[in-house]
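Colleague: structure here, sequence nowhere to be found:
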């Protein structure tokens, strides 16, 4: 561990000096390499998980697309938030020349997830966004797919080396203790985590308790509420039943954006139609321990008074229902994320009951509203904005597009709420500002030199200027 | 306390809906009110501190200028980081319409500082930046200037009410226990603090230990190293001695950017010239407890073996010196901030000794280099970038201009390193993103509507577009 950290620390200076074009080249080299060995990668994961080859092949493409998006983001250059304020000797008091830019924060620890063995793992979004901005990365491998992690890591390391990235830019560590040590190591300047609320909270607390605390970007757990209005239920009950069944069983329910609680009107068509659906009668979870966790979560849920099964079986996927009164009484149990193929339909009678129920929700990655076009949805939208990082209209939350505008984050316990782990703005987590006062042009970072040699958007004397 | 929190919570929804033009109006109303009562304010602080009327009058102007800058920042609109990604049905998989904007995080707790009774106090930068983006503010008054705090708070509250801000937008609390309760209150969504390392660490730990942790933006302590090269010392020793004497005694040394350690070459002209200076023979600190703390810090410093007095006296202001070897031996004691008029000149012999010494510095708000124009300063600049949030060339760190590019922050223990408490970008601390997926135009925030009704800069389909 100490040797890996020493190498990461020694790579920091060279990475800080590297240009966006260099780093974009490294990211694209990694993407090309992973694309080239897609079959090998899918073979490896297929042995270690039950996610299925077609989904896994798509996930490799998503992962390499993500690496290429971050290459575009750093070339474009807005992410540097470059600001130039020229000196103003006539101001009272006189103002110096001040120039601000974002710089890499330093070595980043990445804790990988079980459920996306590519997109949220060794070469996933956290790694890609940290490398993109010039931070060395030390990845903690997930025990759910060790061979895939090793194979990916070796491909990443080789591609980086061949593309000219400095020694120490990337490393993989393994095992529980390594994970605990990593977040506490003095060389680590920030940590990113996707996983359980328990694990995330423990690492968050270690990061905060360090002699020098570091930012901890955790994605911990999310219930992803869905609201179906009476009108939408009446108009599209069948279609919504199909959509919900598809969304909560996707990837055997092992998505952080799985809809865990669905608010439907009493006498719901959606509920009635869902009862007619055949849900998967068996399930193969990612790991035995995830399977055990799901079984325990299911037991806890099924013990709630007034809860009925709508469709499926405890051996496979399961949709259950209870009244909004029972929900309010057993709020905490209903709102504890159960990672796997189960969803809870909460029946409400009228807008007031729905409003009261929404007030009781915790932070979530997503919140979804199904309403009809002519309905007044202002109030319910405001309620969803309060709790979620992404608010969806007439869709399902399980797809997370990797784009400039994506936000994958939300108020605690979903995440620490101010940053995303998916999409272009994920890079901001691994940057810190430096302002230069009256600096000679020669020592300024290129982004701040007078002639704007990088050709990036900058704010100059208060005005945003395009290149 | 609970009633204040209830009112802050109930103001949140209306503040979230408020427009930038409304909030800019509130900020300008507060600024106009404070300007109008400058004499009263200065009278009040003059009774409670020993900062002097001229400095205090200037500080009121700085504070109201700051409120007006934030009004400009929110009208300009870039702070919203608005991003629009139109749907792409041909993508694989098809992409939804996604639009992202920053929204207020919720009620903010502001812990005020002793040393700037206006600019870092009740109506200071933290309050201004939180109000600017639509967050209710609850200020914890500093015990060093209670009457000024009450007077300012009542002026702020009246101005806000008259300008139409909702009830609960702003409140003042008082006392040690109120401060402890505030950061732990479930209604509070973020906290900002300027003060001692001990107090800041305690509040940081409380914020992190909450059932739902919140971001804690603390500015805790800073040694603000200054490096003088041999050439600069030889060329400008006298001028540098003047500058240093002025900077470390400014405000009786009670600036968070006071130069606490100055690296000078052996045989330094600066040091010799400083020895000829008369430094203030007496001092009146902000409060008795700050005076006691300074006396204790001075005792600790003066006990370091090999340390000599250069100028001044323990009763007033004091410049002391020691060799770089003694510095290395007693690093921790030399680098512990002593809040008051003292500075330590560390004598180095040659670049290598200087380099080793710089490697031992902790995070700082500022780092300053005095070099001659023809010197190669790349390596020393890189060393200063590693530890500081603002790097100055040929100046003194004690002035902090309030501009777009300013960064007042730095690696721990200076701050939590990724955000500033001074300058336009301070607002980012109190914002969180929300993405809207396939939202009807009517429920979108104005910043994200197709026709760009606010006329703000936005990123549309990956391209930054000016209004």
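Modeller: Received it, and whenever you're ready, just let me know what you need. None of these values were measured; they are calculated from a predicted model. Residues are numbered from 1 along each chain as shown, chains lettered A, B, ... in the order given.
Colleague: hang on, residue A:152 in a strand?
Modeller: No. Counting by DSSP: H, G, I helix; E, B strand; the rest coil, one finds residue A:152 to be helix, located in no strand.
Colleague: for residue A:194, see how far away it is.
Modeller: Distance of residue A:152 to residue A:194, given as CB to CB, to the nearest Å: 16 Å. C-beta: built from backbone N, CA, C; applies to glycine.
Colleague: who has more neighbours out of those two?
Modeller: residue A:152 (32 against 29; other CB atoms under 10 Å in any protein chain shown).
Colleague: hmm, the more buried one is touching residue A:124, no?
Modeller: No. Applying CB atoms under 8 Å, one finds residue A:152 not in contact with residue A:124, separated by 9.3 Å.
Colleague: which residue ranges of the stretch 351-467 of chain A form strands?
Modeller: A:364-370, A:388-393, A:431-437, A:458-460, A:463-465 (DSSP state E, counting those that start in this stretch).
Colleague: any shared contact partners between residue A:152 and residue A:124?
Modeller: Taking CB atoms under 8 Å, 6 or more residues apart in numbering or on different chains as the contact rule, residue A:152 and residue A:124 both touch residue A:118.
Colleague: out of the strands of the stretch 351-467 of chain A, which comes closest to residue A:158?
Modeller: Taking CB to CB, strand A:431-437 is the member of these nearest to residue A:158, at 27.3 Å.
Colleague: who touches that closest one?
Modeller: Strand A:431-437 is touched from outside by A:79, A:81, A:96-105, A:133, A:443-444, A:448, B:385, B:388-393, B:395, B:405-407, B:409, B:411, B:417-420, B:425, with contacts defined as CB under 8 Å, 6+ apart.
Colleague: those in helices, which ones?
Modeller: Taking DSSP state H, the ones among the contacts of strand A:431-437 that sit in helices are residue B:385.
Colleague: contacts only, for the closest residue to residue A:195 other than its chain neighbours.
Modeller: Excluding its sequence neighbours, the residue lying closest to residue A:195 (CB to CB, 6 or more residues apart in numbering or on different chains) is residue A:113, at 5.8 Å. Contact analysis of residue A:113 by CB under 8 Å, 6+ apart lists A:120, A:121, A:124, A:142, A:194, A:195, A:256.
Colleague: next: residue A:398.
Modeller: Counting by CB under 8 Å, 6+ apart, residue A:398 touches A:247, A:250, A:251, A:255, A:257, A:258, A:259.
Colleague: how about 6 Å then?
Modeller: The contact partners of residue A:398, taken as CB atoms under 6 Å, 6 or more residues apart in numbering or on different chains, are A:247, A:250, A:255, A:257.
Colleague: same deal with residue A:350?
Modeller: Applying CB under 6 Å, 6+ apart, no residues contact residue A:350.
Colleague: mind pulling the model confidence for it?
Modeller: Here the pLDDT value assigned to residue A:350 is 95.
Colleague: flag every residue of chain A that's near chain B.
Modeller: Within chain A, the positions near chain B by CB under 6 Å from any CB of the partner chain are A:78, A:83, A:85, A:95, A:98-100, A:208, A:212, A:377, A:381, A:385, A:390-393, A:395, A:401, A:403-407, A:412, A:417-418, A:432-439, A:443, A:457, A:459, A:462, A:464.
Colleague: tell me the residue of the stretch 151-300 of chain A that sits nearest chain B?
Modeller: With CB to the nearest CB as the measure, residue A:208 is the residue of the stretch 151-300 of chain A nearest to chain B, at 3.5 Å.
Colleague: chain neighbours aside, what residue packs nearest to that residue?
Modeller: With CB to CB, 6+ apart as the criterion, residue A:208 has its nearest non-adjacent residue at 3.5 Å, and that residue is residue B:208.
Colleague: where's that neighbour relative to residue B:110, distance?
Modeller: Spatial separation of residue B:208 from residue B:110 under the definition CB to CB is 18 Å.
Colleague: so between these two, which is more surrounded?
Modeller: Using other CB under 10 Å, the more surrounded residue of residue B:208 and residue B:110 is residue B:110, with 30 against 18.
Colleague: state the mean pLDDT of the helix or strand encompassing the more buried one.
Modeller: In this assignment (DSSP states H and E), residue B:110 forms part of strand B:108-111. Taken as a whole, strand B:108-111 has an average pLDDT of 98.
Colleague: so that strand, near chain A or not?
Modeller: No. Using CB under 6 Å from any CB, strand B:108-111 stays clear of chain A, coming no nearer than 12.8 Å.
Colleague: who's in contact with residue A:14?
Modeller: residue A:166.
Colleague: so residue A:226 is in contact with residue A:368, correct?
Modeller: Yes. Applying CB atoms under 6 Å as the test, residue A:226 and residue A:368 come out as touching, 4.3 Å apart.
Colleague: mean neighbour count, the strands of the stretch 351-467 of chain A: which tops it?
Modeller: Of all these, strand A:364-370 has the most neighbours on average by mean count of other CB atoms under 10 Å in any protein chain shown, namely a mean of 28.
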